[in-house]
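>>> here is my input, please return the structure:
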Amino acid sequence: MKTTHETQQWDIRSVSFWMVLPIALGIIFIGAAFIISPSSNAAGYGIPMTNPDDLPYGRIKGIRDIFSGIVLLLPLFFKMRKAAALVFTASIIIPVTDCLIILETNGPSDLQHLLLHGLTALYMMGTSFLLFNDKHSTSLQS
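Below is the predicted model:
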């Protein structure tokens, strides 16, 4: 029954809960934006689409982003801290890989996009640390 007790305690009063939520909602928003307008959103990602034949790949990225966001929201909705920690930590591979793709494609001079993806990865690493160590001690309650 220890799992039930921990599940019931981790909720919206936890800092780590609120640190996961904007990433989950944000990636859903980014996914929807990629489906609606893949070309303009690819430029925001850091690699513009120059060929109209590439537009379906942007939409493919979009639906995968929406799925990723939903997968992150489910443990929040069900107040499952350990599941959120595992899924969120595994998800760090995405911004790290995005950063490496930008570096390989655009080189080190594209600081704006390198920082966007790199700082996202660092934020997620910090959040993962809190998720694994949050025994309701990092609570928003007084």
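>>> Thr105 contacts Ala42, doesn't it?
No: the criterion here is C-beta atoms under 8 Å, and Thr105 misses it with Ala42 at 11.5 Å. For every residue, glycine as well, the C-beta is placed using N, CA and C.
>>> show the average pLDDT along whatever helix or strand Gln112 lives in.
Per DSSP states H and E: Gln112 is located in helix 111-133. Mean pLDDT, helix 111-133: 97.
>>> centre of the chain to that helix, how far?
9 Å (C-alpha atoms, centre = their mean, to the nearest Å).
>>> find the centremost residue of the protein, please.
Nearest to the mean C-alpha position of the chain, by C-alpha atoms, centre = their mean, lies Ile23 at 4.3 Å.
>>> helices along the protein, start to end?
2-9, 15-36, 38-45, 55-77, 81-91, 93-106, 111-133 (DSSP state H).
>>> ranking those helices by mean pLDDT, which is last?
helix 2-9 - the lowest mean pLDDT of those, at a mean of 53.
>>> sorry, back to before: what helices or strands is the helix holding Gln112 leaning on?
On a contact count with 3 or more C-beta pairs under 8 Å, 6 or more residues apart in numbering; DSSP states H and E, helix 111-133 meets helix 15-36, helix 81-91, helix 93-106.
>>> could I get these as JSON lines with distance to Ala121?
Formatted as JSON lines, these follow (distance: least, C-beta to C-beta, whole Å):
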{"stretch": "helix 15-36", "distance to Ala121": "11"}
{"stretch": "helix 81-91", "distance to Ala121": "10"}
{"stretch": "helix 93-106", "distance to Ala121": "4"}
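>>> out of those, nearest to Gly46?
helix 93-106 (4.4 Å; C-beta to C-beta).
>>> so which elements touch the closest one?
Using 3+ C-beta pairs under 8 Å, 6+ apart: helix 93-106 touches helix 111-133.
>>> in the helix it packs on, which residues are buried?
For helix 111-133, the neighbour count (16 or more other C-beta atoms under 10 Å) marks 113-114, 116-118, 120-121, 124, 127-128, 130-132 as buried.
>>> and for stretch 40-48?
41-42, 45-47.
>>> output those as JSON lines; include the columns distance to Arg81.
Converted to JSON lines, the buried residues of stretch 40-48 look like this (distance: C-beta to C-beta, whole Å):
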{"residue": "Asn41", "distance to Arg81": "32"}
{"residue": "Ala42", "distance to Arg81": "35"}
{"residue": "Tyr45", "distance to Arg81": "30"}
{"residue": "Gly46", "distance to Arg81": "33"}
{"residue": "Ile47", "distance to Arg81": "35"}
